[in-house]
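# please work out how this folds:
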Amino acid sequence: MSSRAFKNPISESVPVRWTLIFIVLAFLALFVLTPLLIVFKEAFGKGWGEYVAALQEPDAVSAIRLTLLVAAIAVPANLLFGIAASWAIAKFEFRGKAFLITLIDLPFSVSPVISGLVYVLLFGANSFLGPFLKSYGVQVVFAVPGIVLATIFVTFPFVARELIPLMQDQGTGDEEAAISLGANGWQAFWYVTLPNIKWALLYGVLLCNARAMGEFGAVSVVSGHIRGLTNTMPLHVEILYNDYNVVGAFGVASLLALLALLTLVLRTILETRYGSELSAGQKH
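Next comes the predicted model:
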């Protein structure tokens, strides 16, 4: 038989391949690289001094602190939830497991604005819980607790969805062996399970943190846009831009862009060095 009979059925000619590559690169340049370059160009448009001054402005400092605070609460909370949920789903059989997995995926299919509105309806002035909690000095909506709750809701799938497929693929053999040798449940988790999932766990935490710090929709609904109090970095960027403070808006936006780039670099490092350990966790 001629070599033509063994031709790869999905192979394409050189012009077609270069055309496809050009389309991909042009798309990335237009919709990813160009906006990113514009952010930094506008941020430094009036020099380094104006850039630093914009970041040192009291409302900007408050927004940065609030964003870090919310992420510092939401990420560990989702870390604990992700480990607990993935452990329960991967290691045990129980009724309602499929429904639990569906609930974990819920934030991926519900608009963040809708999730923020739900918290307003639950804890707002016209709800039952809102006035009840406020009578004890606890305000949820238009305060930090509401921002934290909304952020936790939109970010809680990230850790769990990285761990569940990986732990299901690993099975329970290692833990059963450890327990048969005299280890208790905590020792089996700490010395057997955790080392097996550590890189997928870190991967999920990176994604969760990036989303938590960049969340806009849900936080915008529950925050009240109170300057210096309930504005996170994304909300502060919107306010500055609406006030025609271009340097300030793009200055704060550049910090979010740097966070995205740092997350991308760390994600690439993890995928490059520990790709085999992460591959099972990415089979969603």
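# ok, Trp87 to Arg161 distance?
Taking C-beta to C-beta, to the nearest Å as the criterion, Trp87 is separated from Arg161 by 14 Å. Where C-beta positions appear, they are placed from N, C-alpha and C, glycine not excepted.
# list the buried residues in the biggest helix by length in the chain.
Secondary structure assigned by DSSP state H gives helix 58-91 as the longest helix of the chain. Buried residues in helix 58-91, counting neighbours by 16 or more other C-beta atoms under 10 Å, are found at 59-60, 62-64, 66-67, 70-71, 73-75, 77-79, 81-83, 85-87, 89-91.
# what of stretch 186-200?
Under 16+ other C-beta under 10 Å, the buried positions of stretch 186-200 are 188-189, 192-193, 197, 199-200.
# inside strands: which ones of those residues?
Among those, none falls in strands (DSSP state E).
# so can I have TSV of the residues you listed showing pLDDT and distance to Leu149?
Conversion of these to TSV gives the following (pLDDT from 0 to 100; distance: C-beta to C-beta, whole Å):
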residue	pLDDT	distance to Leu149
Ala188	84	33
Phe189	84	28
Val192	86	34
Thr193	86	29
Ile197	88	27
Trp199	85	29
Ala200	87	26
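# quick one: low-confidence parts of the stretch 151-284 of the chain?
Within the stretch 151-284 of the chain, the segments meeting pLDDT under 70 span 274-284.
# neighbours of Tyr119, how many?
21 (other C-beta atoms under 10 Å).
# from Asn245, how far off is the nearest residue to it once chain neighbours are set aside?
Among residues not flanking Tyr119 along the chain, Val222 sits closest, at 5.2 Å (C-beta to C-beta, 6 or more residues apart in numbering). Separation of Val222 from Asn245 (C-beta to C-beta) stands at 24 Å.
# same deal with Arg273?
42 Å.
# now do the one helix or strand Ile21 maps to, average pLDDT.
For Ile21, the host element (DSSP states H and E) is helix 14-28. The pLDDT scores in helix 14-28 average 90.
# alpha carbons of that helix, as PDB, please.
This file holds the C-alpha atoms of helix 14-28, laid out as PDB (Å, rounded to 0.1, in the frame of the first residue of the first chain):
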ATOM      1  CA  VAL A  14       1.100  23.800   5.900                       C
ATOM      2  CA  PRO A  15      -0.800  26.900   4.700                       C
ATOM      3  CA  VAL A  16      -3.900  25.700   6.700                       C
ATOM      4  CA  ARG A  17      -1.900  25.100   9.800                       C
ATOM      5  CA  TRP A  18      -0.200  28.600   9.600                       C
ATOM      6  CA  THR A  19      -3.600  30.200   9.000                       C
ATOM      7  CA  LEU A  20      -5.100  28.600  12.100                       C
ATOM      8  CA  ILE A  21      -2.000  29.600  14.200                       C
ATOM      9  CA  PHE A  22      -2.300  33.200  12.900                       C
ATOM     10  CA  ILE A  23      -6.000  33.400  13.700                       C
ATOM     11  CA  VAL A  24      -5.300  32.200  17.300                       C
ATOM     12  CA  LEU A  25      -2.400  34.600  17.800                       C
ATOM     13  CA  ALA A  26      -4.400  37.500  16.300                       C
ATOM     14  CA  PHE A  27      -7.300  36.700  18.600                       C
ATOM     15  CA  LEU A  28      -5.100  36.600  21.700                       C
END
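# tell me which other helices or strands it touches.
Applying 3 or more C-beta pairs under 8 Å, 6 or more residues apart in numbering; DSSP states H and E, one finds that helix 14-28 makes contact with no other helix or strand.
# Val222 and Asn245: which is more packed in?
Val222 (26 against 16).
# ok, the more buried one to Ser127 distance?
Val222 is 13 Å from Ser127, by C-beta to C-beta.
# where does Ile226 land in three-state SS?
coil (DSSP: H, G, I helix; E, B strand; the rest coil).
# for the nearest residue to it once chain neighbours are set aside, what are phi and psi?
Sequence neighbours aside, Phe142 is the residue nearest to Ile226 in space, at 6.9 Å (criterion: C-beta to C-beta, 6+ apart). Per-residue torsions, Phe142: phi 60, psi 30 (degrees, to the nearest 10).
# wait, isn't Phe142 in contact with Thr230?
Yes - Phe142 is within contact range of Thr230, at 6.3 Å (criterion: C-beta atoms under 8 Å).
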